[in-house]
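In: sequence and predicted model, in that order:
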Amino acid sequence: MRISERTISALARVITGDVAVSPYRTGPQLVKFFNELGANDVYGGNFPSRWYYTEDKIRDLNESGSVARAIESALDPRDFLDSEFTAAAAAQYLNDYLKYDGLIIVSHGDLWKVQNLDSTLVELDASIDSSGIVSHVFVDDQIRKCSDKVFEGDYAGAMTNARSLIEGVLRELEARLVETSEEYDGDLPGLWRRVRKLMDLDAGDKVLQALRQILGALTSVVVGVATLRNEMSDAHAPSYSATKAHAVLAVNAAKTLTSFLVGSFEEQRQRSDGYNPDGTNPDFDRSREW
């Protein structure tokens, strides 16, 4: 994900607070802001101007493909508390520039996320809470990598991350549903079969035929993404050249599947009377309403 020089300047104005949509940041506050994004700077004598320093750090993030982190951090709602400004107004200001870069900032609950204007990519509307092995941070990171690589033309890489997204969520769910999960050997379809059974997604007569057909299609999604990853991704020497259409298909399928799984898990967990806050539940009732 990259932004233009004009957008870099607009983002710098928001971060410094040199535009009437965001709070003002002093030199030390700017150093702290970018150190939280991976820099290791110290404020002191001969420090450059706030404007020069901020644009320079944004360019570094832009070159590394991590500029979305700076944009989202600049819109952290906590930084707008006790001020006359709102993150929504700052997001709108930046969107006027980002649209020319093919990007847009959208709200995700109380936070803000950068995504491609390319409407062919779907959004994931669920994530596992942060108490588990795979946290929402992992999920968000894989989603961003998928989207970034599609946007940048790294279609094989997008397929690799699509598989990683499915793989990570399935491993987390298995760990939540059994006291001792099997050692993962890289067999993604096998992992899917175990989780599907643990969540009772093949509940026979309790499931409408149409839903059974959809669940059967999800099996094909897992197998298909695993196969695409082997034949087209950057994990192995590719047998075929991946196209944007292939990458978008794999990424959207992975997002749809993982969103369904996480949402179903949360609904089942909420219905289970014996659920423990630590995420373990030997009495987890997987049969209700399926």
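Out: Right, received. Where do you want to start?
In: list of residues touching the host helix or strand of L94?
Out: Per DSSP states H and E: L94 is located in helix 87-98. Helix 87-98 is contacted from outside by 3-4, 6-7, 10-11, 14, 19, 21-22, 71, 74-77, 79-80, 104-105, 107, 112, 114, using Cβ atoms under 8 Å, 6 or more residues apart in numbering. All C-beta spots, glycine's among them, are computed from the backbone N, C-alpha and C.
In: so which of those residues sit within strands?
Out: Using DSSP state E, the members of these that fall in strands are 104-105, 107, 112, 114.
In: lowest pLDDT pick from these?
Out: Ranked by pLDDT, these bottom out at S107, which has 79.
In: and stretch 162-178, what's its mean pLDDT?
Out: Taken as a whole, stretch 162-178 carries a mean pLDDT of 86.
In: next, the angle strand 103-108 makes with the helix holding L94.
Out: Orientation note: helix 87-98 sits at an angle of 160 degrees relative to strand 103-108 (axes from the mean of the first three to the mean of the last three Cα atoms, to 10 degrees).
In: can you redo the ones in strands among the contacts of helix 87-98 as TSV with neighbour count and distance to A39?
Out: Listed next are the ones in strands among the contacts of helix 87-98 as TSV, based on neighbours: other Cβ atoms under 10 Å; distance: Cβ to Cβ, whole Å:
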residue	neighbour count	distance to A39
I104	16	26
I105	23	22
S107	13	27
W112	21	21
V114	25	19
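In: need the residues you listed in a markdown table with distance to F47, can you?
Out: Below are the ones in strands among the contacts of helix 87-98 laid out as a markdown table (distance: Cβ to Cβ, whole Å):
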| residue | distance to F47 |
| --- | --- |
| I104 | 34 |
| I105 | 30 |
| S107 | 35 |
| W112 | 29 |
| V114 | 29 |
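In: low-confidence regions, the chain specifically.
Out: Within the chain, the set of residues satisfying pLDDT under 70 comprises 117-141, 151, 181, 202-208, 229-240, 272-290.
In: now do the strands in it.
Out: Going by DSSP E, the chain shows strands at 103-108, 111-116.
In: next one: A91 from T7, what distance?
Out: From A91 across to T7, the span is 13 Å (Cβ to Cβ, to the nearest Å).
In: likewise for S83?
Out: Distance from S83 to T7, by Cβ to Cβ: 23 Å.
In: looking at those two, which one has more neighbours?
Out: Between S83 and T7, counted using other Cβ atoms under 10 Å, the more crowded position is T7 (22 against 11).
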